[in-house]
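>>> coordinates for the following, if possible.
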Amino acid sequence: MSRIGNLPITVADGVTVTVGENNQVTVKGPKGELNKALPKDMIIEQEGATITVKRPTESKEHKSMHGLTRTLLNNMIIGVTEGFKKQLEINGVGYRAAKQGKKLVMNLGYSHQVEMEEVEGITIDVPQPNQIIISGPDNQKVGQFAANVREKRPPEPYKGKGIKYVDEHIRRKEGKAGSKK
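I've put the predicted structure just below:
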């Protein structure tokens, strides 16, 4: 039994979910519209404001796709109502970020500035020079863009300099101790 797959999904007010041919799902809400092709084998049933996902057989493949399909559909509904966001923090002397038009411009200790273009469906906010907030309705796009920003200068374990997620913990290492005997 897939515990996650069996949970019903409640559709919020102002959100419309249409399931097309081959499980092509379109979700429209106040924050935008999302389209995704979910696994064809899964059975998606909509009754009023609740959606249930069922699997056709008890095969290993269908069992593994059951919970995934339900979670993807639920994330689409959450995305168009509340949206998703990732918060990044920049640590290091002289390291800072700024937004210039649709570009994120970062000084990360390189001889040049690192520029990243804002992707469609994603908004970048820089409330402080050492803080970046990436938000949007598509969970996958938000997470991927945040990972791409973090990749420009990942945190290093000795001084903790670099770009990290706000809730991320960096395991610190001790530097060269040097033996004095």
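>>> point to the residue nearest the middle of the chain.
Nearest to the mean C-alpha position of the chain, counting by C-alpha atoms, centre = their mean, stands Gly143 at 2.9 Å.
>>> partners of the closest residue in space to that residue that isn't next to it in sequence in the sheet?
Distances taken as C-beta to C-beta, 6 or more residues apart in numbering place Lys86 nearest to Gly143, at 6.5 Å, with adjacent residues excluded. All C-beta atoms are positioned from the backbone trio N, CA, C, and that covers glycine. Bridge pairing for Lys86 (DSSP bridges) gives the partners Ile134.
>>> what about this structure, any weak spots by pLDDT?
Within the chain, the stretches with pLDDT under 70 are 1-2, 178-181.
>>> please, where are all the strands along it?
9-10, 16-19, 24-29, 32-37, 43-47, 50-54, 84-91, 96-100, 103-107, 114-117, 123-128, 131-136, 162-165 (DSSP state E).
>>> now for Gly29: which residues touch it?
Counting by C-beta atoms under 8 Å, 6 or more residues apart in numbering, Gly29 makes contact with Ala12, Gly14, Val15, Thr16, Ile77, Gly79, Val80, Thr81, Pro137.
>>> swap that for Val149, sorry
Leu88, Leu104, Met106, Met116, Ile132, Ile134, Ile163.
>>> closest to Gly5 among these?
Nearest to Gly5 among the contacts of Val149 is Ile134, at 29.3 Å by C-beta to C-beta.
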